[in-house]
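K.L.:
what follows is a predicted protein model with its sequence.
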Amino acid sequence: QQPVQSPQAVILREGEDAVINCSSSKALYSVHWYRQKHGEAPVFLMILLKGGEQKGHEKISASFNEKKQQSSLYLTASQLSYSGTYFCGTQRSGTYKYIFGTGTRLKVLA
Amino acid sequence: NAGVTQTPKFQVLKTGQSMTLQCAQDMNHEYMSWYRQDPGMGLRLIHYSVGAGITDQGEVPNGYNVSRSTTEDFPLRLLSAAPSQTSVYFCASSPGANYGYTFGSGTRLTVV
């Protein structure tokens, strides 16, 4: 069962902020975030392990709420290069399966 | 250092034909996975492996076989191609559970 991401799509102006959410019905060991540009392969952004830690990558950061099995990706002061589809990837506790979320299409306008 | 290499990049098959999608990585990664990506469906896990000789099924394994005889290679076999298998296939690898995945550039497969 795929993790559910919200929103499905978002349009921003350069400099605006966005939050993308990922929610799973299963207990998670880790959450990863990826960005995929049109016609390209997904690119790894960051990983969050159990423990609620928050990580940062340039102006992109994320958090993981282990109790709620939810993760959020925060994009601040968005740039044109942030456009693409964002996927969360999840590994359930006790398994090696790595399942991706439904995806969020993000478009940043000048 | 080539990363994850997938061949071929494009392939057209007739219904009922079989073929093997190749995936090789030169990073000594233990974990390898195959995904298919269809419009509006995101990435769905077909098969995965956590080391040479160890494979398991993902979310959508029917119609596909895999084997992992070496750490480097993880081929995906389509047994009897069907139009429903038209998709973009990605192979990905990772050093282990606490690390992200590196993706190959993908194989675009069309079954007619």
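P.N.:
Received it, and whenever you're ready, just let me know what you need. Numbers count the residues shown, from 1 in each chain, chains lettered A, B, ... in the order given.
K.L.:
going forward, measure contacts between C-alpha atoms and count neighbours the same way
P.N.:
OK.
K.L.:
list the contacts of residue A:76.
P.N.:
Neighbour list for residue A:76: A:15, A:16, A:17, A:18, A:59, A:60 [criterion: C-alpha atoms under 8 Å, 6 or more residues apart in numbering or on different chains].
K.L.:
find the residue at the geometric middle of chain B.
P.N.:
Of all residues in chain B, the one closest to the mean position by C-alpha atoms, centre = their mean is residue B:34, 3.1 Å from it.
K.L.:
and that one, how far from chain A?
P.N.:
Per C-alpha to the nearest C-alpha, to the nearest Å, residue B:34 is found 10 Å from chain A.
K.L.:
what helix or strand is that residue on?
P.N.:
According to DSSP states H and E, residue B:34 maps onto strand B:31-38.
K.L.:
touching chain A at all, the following helix or strand past that strand?
P.N.:
Downstream of strand B:31-38, the first helix or strand assigned by DSSP H and E is strand B:42-51. Yes. Using C-alpha under 8 Å from any C-alpha of the partner chain, strand B:42-51 reaches chain A at B:42, B:43, B:44, B:45, B:48, B:50.
K.L.:
again with stretch B:4-16
P.N.:
No. Judged by C-alpha under 8 Å from any C-alpha, stretch B:4-16 stays clear of chain A, getting no closer than 11.0 Å.
K.L.:
any idea how far that stretch is from the chain center?
P.N.:
11 Å (C-alpha atoms, centre = their mean, to the nearest Å).
K.L.:
likewise stretch A:98-110?
P.N.:
Distance of stretch A:98-110 from its chain centroid, counting by C-alpha atoms, centre = their mean, is 8 Å.
K.L.:
then it to CSV, C-alphas only?
P.N.:
C-alpha atoms of stretch A:98-110 as CSV (Å, rounded to 0.1, in the frame of the first residue of the first chain):
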residue,chain,number,x,y,z
TYR,A,98,11.1,0.2,-0.2
ILE,A,99,7.9,1.8,-1.4
PHE,A,100,7.3,5.1,-3.0
GLY,A,101,4.5,7.6,-2.3
THR,A,102,2.0,8.8,-4.9
GLY,A,103,4.1,11.9,-5.8
THR,A,104,3.6,15.7,-5.7
ARG,A,105,4.0,17.8,-8.8
LEU,A,106,5.6,21.2,-8.0
LYS,A,107,6.0,24.0,-10.5
VAL,A,108,7.8,27.2,-9.6
LEU,A,109,7.0,30.2,-11.8
ALA,A,110,9.2,33.3,-12.3
